[in-house]
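Engineer: What follows is a predicted protein model with its sequence.
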Amino acid sequence: MVKIKVNGDEKELDVATLGALLSVLDVKPERVAVVKNGRIVPRSERENEPVADGDSVDIFSPVNGG
């Protein structure tokens, strides 16, 4: 279990990677941008990008319009 912030909300989850986190949150990885601790994580790296206690993850969905 890791204690992390997801979009500002503290969560305790049984995940080891960003890919697992997106799966647990039922987020389609191809439809979002992910920032971990202030760094954009490319889609190609998410499956293997580790998640640790204290990490901050922001998940952004594209918005249409202007």
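Structural biologist: Thanks, I have the structure now.
Engineer: Lys3 touches Lys11, doesn't it?
Structural biologist: Yes - if you go by C-beta atoms under 8 Å, Lys3 and Lys11 touch, sitting 7.5 Å apart. (C-beta placed from N, C-alpha, C; glycine too.)
Engineer: and these two? which has more neighbours close in?
Structural biologist: The neighbour comparison of Lys3 against Lys11 (other C-beta atoms under 10 Å) goes to Lys11, with 16 against 12.
Engineer: just the strands in the protein please.
Structural biologist: 2-6, 9-13, 33-36, 39-41, 56-60 (DSSP state E).
Engineer: now the last one against strand 9-13, angle please.
Structural biologist: Pointing back at strand 56-60 there. 110 degrees (axes from the mean of the first three to the mean of the last three C-alpha atoms, to 10 degrees).
Engineer: strand partners of strand 56-60, parallel vs antiparallel please.
Structural biologist: Strand 56-60 has these partner strands in its sheet, going by DSSP bridges: strand 2-6 (parallel), strand 33-36 (antiparallel).
Engineer: Dump these to JSON lines, plus mean pLDDT and distance to Pro62.
Structural biologist: Shown next, in JSON lines, are these (pLDDT from 0 to 100; distance: least, C-beta to C-beta, whole Å):
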{"stretch": "strand 2-6", "mean pLDDT": "98", "distance to Pro62": "18"}
{"stretch": "strand 33-36", "mean pLDDT": "97", "distance to Pro62": "8"}
